[in-house]
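*Asks:* what shape does this take:
(one chain, ligands or ions: 1)
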Amino acid sequence: MRSGPLTARQPFPEEAVRLATEAIRSGTLFGVGGPLTERFESEFAAFYGAGHAVTVSSGTAAIHTALAALDPDPGAEVVTAPITDAGSVVPILYQGCVPVFADVADHLGMDPAAVEACVTERTVAILAVHPFGGATDVRALRAIADRHGIALLEDCSQAHATRLHGEFLGRYGHIGIYSLQQSKHMTAGEGGVCVTDDDRLAEEMRLFRDKGWDRAGGGSRGYPRLGLNYRASELVAAVALPQLGTLEDVLARRRASAAILDAAVDEAPGVTRWAPPAGCDASYWCYPFFVPSGETARWAEALAAEGVPTTPGYIGEPIYSCMAALQEGGTFGTSRYPLDLGVDGRGDYPPDLCPRAREALTRLMIFWLHEDHTKDEVSEVATAIVKVANTFAS
Ligand SMILES: *Cc1c(COP(=O)(O)O)cnc(C)c1O
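*Replies:* As a prediction, the model looks like this:
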């Protein structure tokens, strides 16, 4: 179908160059209290209709910051998703908590019934993950969280500006979390943002990202909390700020491309759509689709021969099987801390803990769709999918 690479993504508007240059020329790139960081945080909060936005150095740092703001006791349980980036899980371990994985629904977001079954008296939070620009049913998860008096955190790293029932993802939970890593809808190469309406949680997050230092204290330094340095520099804000203005357009272009690919998938024998849950206007961090079980490697090879790069199986196996820390006691030294604090089998992650997630990954293909692909390129990808499907079916 194609030879030569697809158009590369250029996520950084000219305005980002101007603002970054201005920041460098100012001689100060320190982020906390900096003019660009303050402006970015206020505009990011306004975009999402949130009371506060707190900028940090990565999505992983943002998840850690959100979780630390809850100040859980060691051994507390956090329910999260088996199909996600390690960045969702690592902060749980570093905060001394035990990750508990709830299996997925057909749309690969978490299944609320599975989440509810994972909640115990030791659960401190549900960390919902919104995969691929689709959604976990956070309306249902918020009801579960409220019923049990626990927190709902939303990992929206793959779902910037994505709406579910008309409301932005990240706004159903107590804290919404966004990564600004290179591959995300909005990016500064690295970075992360937490949003919340809760003044106390916002203050806790500002302390945690800044070594626990209360800068307003005066006198001798006061560190009322234990925290890390997860501060982001002014360059993160300079680069990310102008993308708030183009984000909706980025999503519109991705949706238009996804519609072309959906039509191809519908006519390709043996291939099925990934469908976001009802009420979700997906933002397509990538374009996922399903091929017959166990055929993903063969599909990736055939599509590569047509000039279409894909990733078969996304992460390959559920994240708990991918991470040595969860499998071989590779956490801290020779201990199994904090997994040794797990009770009733929590802290153990056998392969079939989440069988639906494991099975789905044997059928899942990812095409790294982005907003700068031309319509012609997307049409060629669509034709390649149909061609490979017809070849394999005959
Ligand atoms: C990218 C990503 C993260 C981690 O973000 P980083 O900025 O790379 O630390 C966490 N969760 C999900 C679902 C992601 O896609």
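
*Asks:* max-length strand in the chain?
*Replies:* strand 123-129 (DSSP state E).

*Asks:* tell me which residues in the next helix or strand after that strand are buried?
*Replies:* As assigned by DSSP states H and E, the chain's next helix or strand after strand 123-129 is helix 138-148. By 16 or more other Cβ atoms under 10 Å, the buried positions in helix 138-148 come out as V138, A140, L141, R142, I144, A145. Where C-beta positions appear, they are placed from N, C-alpha and C, glycine not excepted.

*Asks:* thought the third one was touching I126?
*Replies:* Yes: the pair formed by L141 and I126 meets the contact definition of Cβ atoms under 8 Å, at 5.5 Å.

*Asks:* run the chain-centre distance for whatever helix or strand V265 lives in.
*Replies:* Element membership for V265 (DSSP H and E) is helix 247-267. Centre-to-centre, helix 247-267 and its host chain are 20 Å apart (Cα atoms, centre = their mean, to the nearest Å).

*Asks:* so what touches it?
*Replies:* With Cβ atoms under 8 Å, 6 or more residues apart in numbering as the test, helix 247-267 has contacts from 11, 47, 133, 160-162, 185-186, 243, 271-273, 281-284, 287, 289, 367, 369-371, 373, 375, 378-379, 381-383, 385-386.

*Asks:* in helices only, show me the residues you listed.
*Replies:* Taking DSSP state H, the ones among those that sit in helices are F47, K375, V378, S379, V381, A382, T383, I385, V386.

*Asks:* by neighbour count, which of these wins?
*Replies:* Of all those, the most densely surrounded is I385 (28 neighbours; neighbours counted as other Cβ atoms under 10 Å).

*Asks:* and the nearest residue to G330 once chain neighbours are set aside, what pLDDT?
*Replies:* Distance criterion Cβ to Cβ, 6 or more residues apart in numbering; nearest residue to G330, sequence neighbours excluded, is A324 at 4.0 Å. pLDDT for A324: 94.

*Asks:* quick one on the thing from earlier: tabulate the buried residues of helix 138-148 (CSV), appending pLDDT and distance to R39.
*Replies:* CSV is the format used below for the buried residues of helix 138-148 (pLDDT from 0 to 100; distance: Cβ to Cβ, whole Å):
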residue, pLDDT, distance to R39
V138, 98, 29
A140, 98, 36
L141, 98, 32
R142, 98, 30
I144, 98, 36
A145, 98, 32
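
*Asks:* and which of those is nearest to the ligand?
*Replies:* V138 (14.0 Å; Cβ to the nearest ligand atom).

*Asks:* so what touches the helix or strand hosting V193?
*Replies:* Taking DSSP H and E as the definition, V193 sits inside strand 192-196. By Cβ under 8 Å, 6+ apart, the residues outside strand 192-196 that reach it are 41, 44-45, 48, 50-63, 65-66, 170-171, 174-181, 202, 205, 232.

*Asks:* intersect these with the contacts of the ligand.
*Replies:* S58, G59, T60, S179, Q181 (Cβ under 6 Å from any ligand atom).

*Asks:* of all the residues you listed, which comes closest to the ligand?
*Replies:* When those are ranked by distance to the ligand (Cβ to the nearest ligand atom), G59 comes first, at 2.4 Å.

*Asks:* not counting sequence-adjacent ones, nearest residue to that closest one?
*Replies:* Once flanking residues are discounted, G59 sits nearest to S179: 2.5 Å by Cβ to Cβ, 6+ apart.

*Asks:* show the model's pLDDT score for the one you found.
*Replies:* 98.

*Asks:* contacts only, for it.
*Replies:* Going by Cβ under 8 Å, 6+ apart, S179 touches S58, G59, T60, A62, G87, S157, G191, G192.

*Asks:* please name the residues that touch the second one.
*Replies:* If I follow you right, that is G59. Contacts of G59 (Cβ under 8 Å, 6+ apart): D85, G87, D155, S157, I177, Y178, S179, L180, Q181, K184, G191, G192.

*Asks:* among those residues, who's most crowded?
*Replies:* I177 (33 neighbours).

*Asks:* ok but it is inside a strand, no?
*Replies:* Yes: per DSSP: H, G, I helix; E, B strand; the rest coil, I177 lies within a strand segment.

*Asks:* quick one: residues contacting it.
*Replies:* 59, 62-63, 66, 153-157, 170, 192-194.

*Asks:* same thing with A140?
*Replies:* A140 makes contacts with P112, as judged by Cβ under 8 Å, 6+ apart.

*Asks:* pick out the residue nearest the middle of the chain.
*Replies:* Per Cα atoms, centre = their mean, the C-alpha nearest to the average position across the chain is that of S157, at 2.7 Å.

*Asks:* how confident was the prediction at that residue?
*Replies:* For S157, the pLDDT comes out at 98.

*Asks:* please apply the same query to A216.
*Replies:* So A216 comes in at 88 (pLDDT).

*Asks:* measure it to the ligand for me?
*Replies:* Using Cβ to the nearest ligand atom, to the nearest Å, A216 is found at 29 Å from the ligand.

*Asks:* tell me if that residue really is in a strand.
*Replies:* No: counting by three-state DSSP, A216 is not found in a strand; it is coil.

*Asks:* give me the neighbour count for L93.
*Replies:* By other Cβ under 10 Å, the residues close to L93 number 20.

*Asks:* these two touch, right, it and S335?
*Replies:* No: in this structure, L93 is not within contact of S335 by Cβ under 8 Å, at 11.6 Å.

*Asks:* ok, the residue of the stretch 201-350 of the chain found nearest the ligand - contacts?
*Replies:* Nearest to the ligand in the stretch 201-350 of the chain, going by Cβ to the nearest ligand atom, is W285, at a distance of 7.3 Å. Each residue near W285 by Cβ under 8 Å, 6+ apart is listed here: F132, G133, Q158, A159, S183, K184, H185.
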